[in-house]
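Asker: Sequence and computational prediction follow.
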Amino acid sequence: MASEEGVVGQVIGIHTVEQWGEQLRKGAEALKLIVVDFTASWCGPCRFIAPVLADIAKKTPHVLFLKVDVDELSAIAEEHKVNAMPTFVFFKDGKEIDRIVGAQKDELQAKVTQHGAITA
């Protein structure tokens with residue numbers, strides 16, 4: 001199985017609390033925008049938005065995209081007060097800076113563009 005470390009242009013599935021902490025730390029150290037998709041396998045809108053998120057990830061390799069299944073990692077979902085799926089939480093410098101609740105394709109693209117702007 002290929003390592004997920006250093007993967008750009010993809011949505012990285014998070015399956016352990018350790019993985020979660022490691023990816024947040026790496027993103028913060030690299031000063032990257034981190035977009036976390038809190039999802040569930042049984043969620044219809046989540047399945048609708050998944051290919052949209054994958055497409056945005058391909059187009060914005062300077063942004064780190066993570067996917068957390070709320071049933072698999074409920075403690076992380078609770079910690080970030082996720083009550084509906086999908087919820088997209090945006091982190092920068094280790095802090096939450098924004099969130100979107102629902103499968104809102106245009107708003108998701110706009111927020112990634114807004115917060116993921118590369119500054120020289």
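Answerer: Ah, there it is.
Asker: residues in contact with residue 117?
Answerer: If a contact means CB atoms under 8 Å, 6 or more residues apart in numbering, then residue 117 has no contacts. (Glycine included, C-beta is placed from N, CA and C.)
Asker: so it, which of the three states?
Answerer: Using DSSP: H, G, I helix; E, B strand; the rest coil, the structure places residue 117 in coil.
Asker: quick one: pLDDT of it?
Answerer: The model reports residue 117 with a pLDDT of 81.
Asker: any idea which helix or strand carries the most centrally placed residue in the chain?
Answerer: By CA atoms, centre = their mean, the chain has its centre lying nearest to residue 36, at 1.9 Å. Assessed by DSSP states H and E, residue 36 sits inside strand 34-39.
Asker: Tell me the strands beside that strand, with direction?
Answerer: Based on DSSP bridges, the pairing partners of strand 34-39 within the sheet are strand 64-69 (parallel), strand 87-92 (antiparallel).
Asker: Now residue 19: which helix or strand?
Answerer: Per DSSP H and E: helix 17-29 holds residue 19.
Asker: In that helix, which residues are buried?
Answerer: Across helix 17-29, burial judged by 16 or more other CB atoms under 10 Å covers 19, 20, 23, 24, 27, 28.
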